[in-house]
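[1] I'll drop the sequence and a predicted model, then ask my questions.
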Amino acid sequence: MTASPSKPQYFEYIVVGCGGIGSGTVYWLSKRAGTNVLGLEQFKLGHDNGGSQDHSRIIRLLYHDECYTKLVRETFTTFEEVEKESGIQLVYRCGGVDLGHISVPECVQSIEDYAAAMDKQDLPYERLTGDQIRERFPQFNTGPDIIGLYQKDSGLVDAAMANATHIQLARKHGATIVENCKVLKLDKDTDGVHALVYTNQGIFRCRRVIITAGAWINHVLGSVGVHIPLTVTQEQVTYVATPNMKDFTKENFPYWVFHDARYDFYGLPIHGNTGTKVAADVSGPSVMPETRNFKPDPVVENLCLEFLEKYFPKAVGPLLYTKTCLYAMPPDRHFVVDTLEKKGFPQVIFCNGAGHAFKFSCLLGKILSQMAIDGKTEYPIESFTMDRKSLTDPNFKPKFRLKAETTKAKL
């Protein structure tokens, strides 16, 4: 599809960026607005340039802040609706463990942050010692120096499958999806009500445009004079070909997050290939999305492999591969979900997932669709506005690790 430059093609709703959150938004919009929905993707669908493509991502009830535990139940509910409509399983409930060193106050703080946020929403979990973790999951090499939280209903979501399913269902409902369509700028139409979306394939016109462009979000928002302070980093995940595959299947092994002194390491059971997955959260360099490379950092790769050797020795095996992706994070690493109404562009809605939103991608798509169609959402997103201090105070010190700031650790 190419829009005529003289007569822009009209859609009621246009979504810019069709990765995890964008594909979810196109899906939920299409269920209500059908053929009035257009999704624009600057690359091919399913590309590896951003942060939305991989075999598996964690989906969990365990979270460090109540602004997320208020929403986590609905992350499962929305994916369940997609699964029901498509007949495709996307979520696998293998359980999850958050753990850390009892001798490191920062690690204990993180565990207590998670417990406090869970308690506020009456979400179930178990407190376990390192010995109890190892007894339940012999794959863990943990002892009395480790404490943790276990949540049985958490698990993983198939990221690539979820994106593709969202898109295919959206097309079934009548939505139009255009690949290799780069948005060059936004503007208001002469009537002051509608938006114009200028692309390398022509101009489109709409009542609401939803920006879910990941690391490229400021490239689009900048055309209307808005800049969200973001740090873009190149991150990576490593897959290891364990010889003990049965021990690390979804039926026998949970996802895990280990709050270490330097990094939050995390891993998932086998899904989509024959390897266990391990990574160190926020361990990569700052980059520009146009100039980043796709070369894994061997230092971080070795850190992950050494971590496996220490705590998951049965997972150790030949390296399958390491894959890079992009995070785009506000200084407080919370989501940004808002409109540009206060900036004079009520036609524009946008969302940044802060490098940890895939588990929320289907729910965020529903939220953004409600904001576009109804002008409001039923879900509590007041913590994610663009006028909060971390986004408006240039002296705000970035805090990228996922932990609360107020809970005191119970040592």
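    Sure, I can see it. Numbering: from 1, shown residues only.
[2] Tell me what H101 is bridged to.
    Assessed by DSSP bridges, H101 has beta-bridge partners I146.
[3] right, and it touches P144 too?
    No - the pair H101 and P144 fails to qualify as a contact (Cβ atoms under 8 Å) at a distance of 11.0 Å. Every C-beta, even on glycine, is put in place using the N, C-alpha and C of the backbone.
[4] More neighbours: which of these two?
    Neighbours were counted for H101 and for P144 using other Cβ atoms under 10 Å; H101 has more, 18 against 9.
[5] residue contacts, the more buried one?
    Going by Cβ atoms under 8 Å, 6 or more residues apart in numbering, H101 touches 107-108, 145-146, 259-261.
[6] cool, and T274?
    Contacts here follow Cβ under 8 Å, 6+ apart; on that basis T274 touches 241, 245, 320.
[7] Likewise for A115?
    By Cβ under 8 Å, 6+ apart, the residues touching A115 are 125, 127, 149.
[8] hmm, back to that, sort out for me which of the contacts of H101 are in helices.
    107-108 (DSSP state H).
[9] By neighbours, which of the contacts of H101 wins?
    Within these, most neighbours by other Cβ under 10 Å means H259, with 28 neighbours.
[10] What residues are bridge-paired with that one?
    Counting by DSSP bridges, H259 is bridged to G100, D264.
[11] Do I have it right that it meets L99?
    Yes - with contact defined as Cβ under 8 Å, H259 reaches L99; the gap is 7.1 Å.
[12] what sits in contact with each of those two?
    I111.
[13] So for the helix or strand harbouring Q132, what gets flagged as buried?
    Element membership for Q132 (DSSP states H and E) is helix 130-136. Judged by neighbour count (16 or more other Cβ atoms under 10 Å), helix 130-136 contains these buried residues: 130, 132-134.
[14] and the contacts of A115, which are buried?
    Buried among the contacts of A115 by 16+ other Cβ under 10 Å: 125, 149.
[15] Output the contacts of A115 in CSV, with distance to S383 and secondary structure appended to each entry.
    Shown next, in CSV, are the contacts of A115 (distance: Cβ to Cβ, whole Å; DSSP: H, G, I helix; E, B strand; the rest coil):
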residue, distance to S383, secondary structure
Y125, 22, coil
R127, 27, strand
L149, 22, strand
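[16] From the contacts of A115, pick the one nearest G50.
    Proximity of those to G50 (Cβ to Cβ) peaks at L149, which lies at 30.6 Å.
[17] could you check the distance from that closest one over to L123?
    11 Å (Cβ to Cβ, to the nearest Å).
[18] One more: V193?
    According to Cβ to Cβ, V193 and L123 sit 43 Å apart.
[19] next one: A372
    For A372, the distance to L123 equals 30 Å [Cβ to Cβ].
[20] Who are the contact partners of the nearest residue to R292 once chain neighbours are set aside?
    Nearest residue to R292 in three dimensions, chain neighbours excluded: Q234, at 5.0 Å (Cβ to Cβ, 6 or more residues apart in numbering). Shown in contact with Q234 (Cβ under 8 Å, 6+ apart): 284-285, 287, 292-293, 324-326.
[21] Could you do S30 as well?
    S30 neighbours (Cβ under 8 Å, 6+ apart): 37, 169-175.
[22] can you pull the pLDDT of it?
    Per-residue confidence (pLDDT) for S30: 98.
[23] what residue ranges in this structure score low on pLDDT?
    Residues of the chain that meet the criterion pLDDT under 70 lie in 1-6, 404-411.
[24] domain ranges for it?
    1-93+155-228+330-411, 94-154+231-329 (automatic domain parsing).
[25] From the opening residue of stretch 116-131 to its closing one, how far?
    23 Å (Cα to Cα, to the nearest Å).
[26] buried stuff in it?
    Across stretch 116-131, burial judged by 16+ other Cβ under 10 Å covers 116-118, 123, 125, 128-130.
[27] Next: stretch 264-283.
    Buried residues in stretch 264-283, counted by 16+ other Cβ under 10 Å: 264-272, 275-283.
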